[in-house]
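Q: structure here, sequence nowhere to be found:
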(Lines give C-alpha, C1' and ligand atoms only; values in the text may rest on other atoms or scores of the structure.)
Protein backbone atom coordinates (compact mmCIF):
# COMPACT_ATOMS: atom_id res chain seq x y z
CA UNK A 1 0.00 0.00 0.00
CA UNK A 2 1.45 3.37 -1.03
CA UNK A 3 0.60 6.93 -0.09
CA UNK A 4 -1.18 8.93 -2.78
CA UNK A 5 -0.47 12.69 -2.97
CA UNK A 6 -2.87 14.85 -0.97
CA UNK A 7 -3.50 12.47 1.92
CA UNK A 8 -5.22 9.75 -0.12
CA UNK A 9 -4.26 6.10 -0.07
CA UNK A 10 -3.55 4.23 -3.29
CA UNK A 11 -4.20 0.49 -3.29
CA UNK A 12 -3.83 -2.19 -5.90
CA UNK A 13 -7.42 -3.37 -5.67
CA UNK A 14 -10.60 -2.87 -3.67
CA UNK A 15 -14.15 -4.28 -3.92
CA UNK A 16 -16.14 -2.37 -6.53
CA UNK A 17 -19.86 -1.71 -6.49
CA UNK A 18 -20.42 -0.61 -10.10
CA UNK A 19 -21.69 -3.63 -12.06
CA UNK A 20 -20.18 -2.20 -15.26
CA UNK A 21 -16.65 -2.55 -13.90
CA UNK A 22 -14.98 -5.87 -13.16
CA UNK A 23 -13.32 -5.65 -9.74
CA UNK A 24 -10.23 -7.46 -10.97
CA UNK A 25 -9.84 -5.32 -14.09
CA UNK A 26 -11.06 -1.82 -13.17
CA UNK A 27 -8.82 0.93 -14.49
CA UNK A 28 -9.95 3.38 -11.80
CA UNK A 29 -11.49 2.78 -8.40
CA UNK A 30 -12.43 5.70 -6.16
CA UNK A 31 -13.85 5.12 -2.69
CA UNK A 32 -15.21 7.73 -0.26
CA UNK A 33 -12.93 10.48 -1.56
CA UNK A 34 -13.15 13.75 0.37
CA UNK A 35 -11.31 16.92 -0.67
CA UNK A 36 -11.37 20.35 0.93
CA UNK A 37 -9.72 23.73 0.57
CA UNK A 38 -9.43 24.97 4.16
CA UNK A 39 -12.91 24.79 5.70
CA UNK A 40 -14.62 24.46 2.32
CA UNK A 41 -15.54 20.92 1.34
CA UNK A 42 -15.35 20.31 -2.42
CA UNK A 43 -15.71 16.53 -2.72
CA UNK A 44 -17.90 14.89 -0.09
CA UNK A 45 -17.50 11.14 -0.29
CA UNK A 46 -17.22 10.27 -4.00
CA UNK A 47 -17.29 6.65 -5.24
CA UNK A 48 -16.49 6.01 -8.89
CA UNK A 49 -15.28 3.09 -11.00
CA UNK A 50 -14.03 3.28 -14.59
CA UNK A 51 -13.47 0.11 -16.60
CA UNK A 52 -10.51 -0.34 -18.95
CA UNK A 53 -11.26 1.36 -22.26
CA UNK A 54 -14.39 3.07 -20.88
CA UNK A 55 -15.02 6.74 -21.70
CA UNK A 56 -16.65 8.60 -18.81
CA UNK A 57 -17.72 12.25 -19.01
CA UNK A 58 -17.98 14.26 -15.80
CA UNK A 59 -20.59 17.04 -15.84
CA UNK A 60 -21.55 19.58 -13.23
CA UNK A 61 -21.81 23.31 -12.49
CA UNK A 62 -18.72 25.39 -11.74
CA UNK A 63 -17.33 24.67 -8.29
CA UNK A 64 -18.96 21.25 -7.93
CA UNK A 65 -15.61 19.42 -7.77
CA UNK A 66 -15.08 18.12 -11.32
CA UNK A 67 -11.54 19.40 -11.77
CA UNK A 68 -10.73 18.63 -8.14
CA UNK A 69 -11.59 14.97 -8.72
CA UNK A 70 -9.53 14.89 -11.91
CA UNK A 71 -6.55 16.44 -10.15
CA UNK A 72 -6.87 13.94 -7.32
CA UNK A 73 -6.75 11.08 -9.83
CA UNK A 74 -3.69 12.67 -11.45
CA UNK A 75 -1.98 13.21 -8.10
CA UNK A 76 -1.75 16.97 -8.70
CA UNK A 77 -3.48 18.36 -5.58
CA UNK A 78 -0.69 18.14 -3.01
CA UNK A 79 -1.87 21.21 -1.06
CA UNK A 80 -5.48 20.05 -0.74
CA UNK A 81 -6.66 18.22 2.36
CA UNK A 82 -8.18 14.85 1.52
CA UNK A 83 -9.01 11.33 2.50
CA UNK A 84 -10.37 8.18 0.90
CA UNK A 85 -8.98 5.54 -1.42
CA UNK A 86 -7.94 5.87 -5.06
CA UNK A 87 -6.59 3.16 -7.36
CA UNK A 88 -5.28 4.28 -10.76
CA UNK A 89 -3.06 2.64 -13.41
CA UNK A 90 0.67 3.22 -13.56
CA UNK A 91 0.51 5.16 -16.83
CA UNK A 92 -1.69 8.27 -16.54
CA UNK A 93 -1.70 11.27 -18.91
CA UNK A 94 -3.47 14.61 -18.52
CA UNK A 95 -4.73 17.06 -21.15
CA UNK A 96 -5.83 20.52 -19.99
CA UNK A 97 -7.89 23.30 -21.59
CA UNK A 98 -4.61 25.14 -22.17
CA UNK A 99 -2.26 23.02 -24.28
CA UNK A 100 0.61 23.98 -21.95
CA UNK A 101 3.23 23.69 -24.66
CA UNK A 102 6.73 24.97 -23.89
CA UNK A 103 7.08 28.07 -26.12
CA UNK A 104 10.87 27.69 -26.35
CA UNK A 105 10.74 24.15 -27.77
CA UNK A 106 9.59 22.75 -31.08
CA UNK A 107 6.49 20.64 -31.62
CA UNK A 108 8.62 17.48 -31.63
CA UNK A 109 10.44 18.58 -28.48
CA UNK A 110 7.14 19.17 -26.71
CA UNK A 111 5.85 15.72 -27.60
CA UNK A 112 9.05 13.96 -26.48
CA UNK A 113 9.25 16.00 -23.26
CA UNK A 114 10.35 13.71 -20.44
CA UNK A 115 10.67 10.60 -22.60
CA UNK A 116 13.94 8.73 -22.17
CA UNK A 117 13.38 5.70 -24.41
CA UNK A 118 15.71 5.27 -27.38
CA UNK A 119 12.75 5.30 -29.79
CA UNK A 120 11.10 8.38 -28.27
CA UNK A 121 11.54 10.51 -31.39
CA UNK A 122 10.13 7.93 -33.79
CA UNK A 123 7.16 7.33 -31.47
CA UNK A 124 6.56 11.09 -31.26
CA UNK A 125 6.59 11.38 -35.04
CA UNK A 126 4.00 8.60 -35.29
CA UNK A 127 1.85 10.31 -32.66
CA UNK A 128 2.00 13.60 -34.54
CA UNK A 129 0.99 11.82 -37.73
CA UNK A 130 -1.98 10.33 -35.86
CA UNK A 131 -3.22 13.81 -34.92
CA UNK A 132 -2.71 15.16 -38.45
CA UNK A 133 0.51 17.10 -37.83
CA UNK A 134 3.03 15.10 -39.81
CA UNK A 135 5.60 17.51 -41.22
CA UNK A 136 5.11 20.09 -38.44
CA UNK A 137 7.73 18.60 -36.11
CA UNK A 138 10.05 21.63 -36.38
CA UNK A 139 7.28 24.24 -35.96
CA UNK A 140 7.17 26.44 -32.86
CA UNK A 141 4.01 26.57 -30.68
CA UNK A 142 3.29 30.20 -31.61
CA UNK A 143 3.07 29.17 -35.26
CA UNK A 144 0.15 26.83 -34.54
CA UNK A 145 -3.57 27.54 -34.26
CA UNK A 146 -5.38 26.76 -31.02
CA UNK A 147 -6.71 23.52 -32.45
CA UNK A 148 -3.25 22.49 -33.64
CA UNK A 149 -1.79 23.21 -30.22
CA UNK A 150 -4.38 20.91 -28.65
CA UNK A 151 -3.48 18.25 -31.22
CA UNK A 152 0.12 18.47 -30.03
CA UNK A 153 -1.08 18.15 -26.43
CA UNK A 154 -3.03 15.01 -27.37
CA UNK A 155 0.01 13.58 -29.16
CA UNK A 156 2.15 14.30 -26.10
CA UNK A 157 -0.31 12.44 -23.90
CA UNK A 158 -0.91 9.45 -26.17
CA UNK A 159 2.75 8.87 -27.09
CA UNK A 160 3.10 7.58 -23.53
CA UNK A 161 0.43 4.91 -24.21
CA UNK A 162 -1.58 5.84 -21.09
CA UNK A 163 -3.90 3.36 -19.44
CA UNK A 164 -5.88 6.36 -18.16
CA UNK A 165 -6.35 9.66 -20.03
CA UNK A 166 -7.62 12.57 -17.93
CA UNK A 167 -8.99 15.48 -19.97
CA UNK A 168 -9.98 18.73 -18.21
CA UNK A 169 -12.16 20.68 -20.70
CA UNK A 170 -9.56 20.22 -23.46
CA UNK A 171 -11.75 21.83 -26.14
CA UNK A 172 -13.33 24.60 -24.07
CA UNK A 173 -11.26 27.40 -25.65
CA UNK A 174 -11.82 26.29 -29.25
CA UNK A 175 -14.39 27.60 -31.71
CA UNK A 176 -17.43 25.45 -32.50
CA UNK A 177 -16.21 24.00 -35.80
CA UNK A 178 -12.76 23.16 -34.43
CA UNK A 179 -14.38 21.48 -31.43
CA UNK A 180 -16.40 19.22 -33.70
CA UNK A 181 -13.25 18.22 -35.58
CA UNK A 182 -11.42 17.59 -32.29
CA UNK A 183 -14.29 15.40 -31.07
CA UNK A 184 -13.86 13.16 -34.10
CA UNK A 185 -10.09 13.07 -33.65
CA UNK A 186 -10.38 12.15 -29.97
CA UNK A 187 -12.84 9.38 -30.76
CA UNK A 188 -10.46 7.94 -33.36
CA UNK A 189 -7.47 8.13 -31.01
CA UNK A 190 -9.33 6.52 -28.12
CA UNK A 191 -10.54 3.73 -30.43
CA UNK A 192 -6.94 3.12 -31.54
CA UNK A 193 -5.23 3.29 -28.14
CA UNK A 194 -8.08 2.14 -25.85
CA UNK A 195 -7.22 4.01 -22.65
CA UNK A 196 -9.83 4.57 -20.00
CA UNK A 197 -10.89 8.23 -20.25
CA UNK A 198 -12.30 10.72 -17.77
CA UNK A 199 -13.41 13.91 -19.53
CA UNK A 200 -14.40 16.97 -17.51
CA UNK A 201 -16.79 19.18 -19.45
CA UNK A 202 -19.58 21.75 -19.03
CA UNK A 203 -21.06 20.79 -22.40
CA UNK A 204 -23.94 18.29 -22.27
CA UNK A 205 -23.87 17.72 -26.02
CA UNK A 206 -20.13 17.07 -25.94
CA UNK A 207 -20.61 14.52 -23.16
CA UNK A 208 -23.34 12.70 -25.08
CA UNK A 209 -21.33 12.66 -28.30
CA UNK A 210 -18.15 11.25 -26.73
CA UNK A 211 -18.89 9.24 -23.58
CA UNK A 212 -19.98 5.70 -22.86
CA UNK A 213 -21.23 6.89 -19.48
CA UNK A 214 -22.02 10.31 -18.04
CA UNK A 215 -21.63 11.22 -14.37
CA UNK A 216 -23.13 14.41 -12.91
CA UNK A 217 -21.55 15.92 -9.80
CA UNK A 218 -23.60 18.12 -7.49
CA UNK A 219 -22.20 19.70 -4.32
CA UNK A 220 -19.29 17.30 -4.31
CA UNK A 221 -21.36 14.14 -4.68
CA UNK A 222 -22.38 12.00 -7.63
CA UNK A 223 -26.02 12.88 -8.30
CA UNK A 224 -26.72 11.21 -11.65
CA UNK A 225 -25.17 8.41 -13.73
CA UNK A 226 -26.41 7.68 -17.25
CA UNK A 227 -25.20 5.20 -19.86
CA UNK A 228 -25.07 6.48 -23.45
CA UNK A 229 -26.27 4.00 -26.05
CA UNK A 230 -24.43 4.12 -29.42
CA UNK A 231 -27.54 5.26 -31.29
CA UNK A 232 -28.00 8.13 -28.85
CA UNK A 233 -24.37 9.23 -29.12
CA UNK A 234 -24.56 9.33 -32.92
CA UNK A 235 -28.02 10.98 -32.85
CA UNK A 236 -29.39 8.07 -34.92
CA UNK A 237 -31.90 7.71 -32.09
CA UNK A 238 -33.03 11.33 -32.14
CA UNK A 239 -35.78 10.84 -29.56
CA UNK A 240 -33.42 9.02 -27.18
CA UNK A 241 -30.78 11.70 -27.67
CA UNK A 242 -33.22 14.48 -26.81
CA UNK A 243 -34.60 12.57 -23.80
CA UNK A 244 -31.10 12.02 -22.38
CA UNK A 245 -30.18 15.63 -23.03
CA UNK A 246 -33.27 16.86 -21.16
CA UNK A 247 -32.61 14.41 -18.33
CA UNK A 248 -29.02 15.64 -17.90
CA UNK A 249 -30.01 19.30 -18.09
CA UNK A 250 -32.62 18.68 -15.41
CA UNK A 251 -29.99 16.98 -13.28
CA UNK A 252 -27.82 20.06 -13.71
CA UNK A 253 -30.68 22.31 -12.60
CA UNK A 254 -31.22 23.74 -16.07
CA UNK A 255 -34.62 23.76 -17.70
CA UNK A 256 -34.30 22.39 -21.23
CA UNK A 257 -36.06 24.56 -23.81
CA UNK A 258 -39.10 22.96 -25.36
CA UNK A 259 -39.05 22.30 -29.07
CA UNK A 260 -41.01 25.01 -30.88
CA UNK A 261 -44.49 24.15 -31.99
CA UNK A 262 -44.74 23.51 -35.73
CA UNK A 263 -45.93 26.52 -37.65
CA UNK A 264 -48.75 25.73 -40.05
CA UNK A 265 -49.35 28.04 -42.99
CA UNK A 266 -52.43 30.17 -42.60
CA UNK A 267 -55.43 28.77 -44.43
CA UNK A 268 -56.94 31.13 -47.00
CA UNK A 269 -60.17 32.65 -45.86
CA UNK A 270 -63.27 31.32 -47.55
CA UNK A 271 -64.52 33.66 -50.20
CA UNK A 272 -68.26 33.83 -50.78
CA UNK A 273 -69.55 33.54 -54.30
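A: Ah, there it is. Source: prediction; values computed, not measured.
Q: please make it C-alpha for all contacts and neighbour counts, starting now.
A: Will do.
Q: the helix or strand harbouring residue 153 packs against which elements?
A: Per DSSP states H and E, residue 153 falls inside helix 146-158. Other helices and strands packing on helix 146-158, by 3 or more C-alpha pairs under 8 Å, 6 or more residues apart in numbering; DSSP states H and E, are strand 92-95, helix 107-111, helix 120-130, helix 176-193.
Q: strands of the chain, start to end?
A: 2-4, 8-10, 28-37, 40-50, 55-59, 81-87, 92-95, 164-168, 196-200, 213-218, 221-227 (DSSP state E).
Q: residues contacting the fifth one, please?
A: Meaning strand 55-59. Outside strand 55-59, the residues that touch it by C-alpha atoms under 8 Å, 6 or more residues apart in numbering are 50, 66, 196-204, 207, 210-217.
Q: show the average pLDDT along the helix holding residue 153.
A: The average pLDDT for helix 146-158 rounds to 94.
Q: quick one: contacts for the residue nearest to residue 104 when sequence neighbours are not counted?
A: Distances taken as C-alpha to C-alpha, 6 or more residues apart in numbering place residue 140 nearest to residue 104, at 7.6 Å, with adjacent residues excluded. When contacts are counted by C-alpha under 8 Å, 6+ apart, residue 140 touches 103-107.
Q: narrow the residues you listed to just the buried residues.
A: 106-107 (16 or more other C-alpha atoms under 10 Å).
Q: who touches the residue positioned nearest the centre of the chain in this structure?
A: Nearest to the geometric centre of the chain sits residue 199, at 1.0 Å (C-alpha atoms, centre = their mean). Residue 199 makes contact with 55-58, 166-169, according to C-alpha under 8 Å, 6+ apart.
Q: how about the residues you listed in CSV, adding distance to residue 45, pLDDT and neighbour count?
A: Shown next, in CSV, are those (distance: C-alpha to C-alpha, whole Å; pLDDT from 0 to 100; neighbours: other C-alpha atoms under 10 Å):
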residue, distance to residue 45, pLDDT, neighbour count
55, 22, 96, 23
56, 19, 97, 26
57, 19, 97, 27
58, 16, 96, 28
166, 20, 96, 25
167, 22, 95, 23
168, 21, 94, 21
169, 23, 92, 18
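Q: just give me the closest of the residues you listed to residue 221.
A: Distance to residue 221, by C-alpha to C-alpha, is smallest for residue 58 among those, at 11.6 Å.
Q: what's opposite that closest one in the beta bridge?
A: Here residue 58 sits in beta bridges with residue 200, residue 215, as judged by DSSP bridges.
Q: sorry, back to before: tell me the spacing between the residue nearest to the centre of the chain and residue 168.
A: 6 Å (C-alpha to C-alpha, to the nearest Å).
Q: try residue 194
A: If you go by C-alpha to C-alpha, the gap between residue 194 and residue 168 works out to 18 Å.
Q: quick one: low-confidence residue ranges for the stretch 51-200 of the chain.
A: Along the stretch 51-200 of the chain, the model assigns pLDDT under 70 to no residue.
Q: next, count neighbours for the nearest residue to residue 173 once chain neighbours are set aside.
A: Nearest residue to residue 173, sequence neighbours excluded (C-alpha to C-alpha, 6+ apart): residue 97, at 6.7 Å. Around residue 97 there are 16 other residues, counting by other C-alpha atoms under 10 Å.
Q: make sure residue 97 is actually in contact with residue 170.
A: Yes - here residue 97 reaches residue 170: they are 4.0 Å apart, a contact under C-alpha atoms under 8 Å.
Q: can you give me the neighbour number for residue 239?
A: 11.
Q: against residue 226, how distant is it?
A: Distance check for residue 239 against residue 226: by C-alpha to C-alpha, it reads 16 Å.
Q: give me the neighbour count for residue 242.
A: 15.
Q: roughly how far does it sit from residue 249?
A: Between residue 242 and residue 249 the computed distance is 10 Å (C-alpha to C-alpha).
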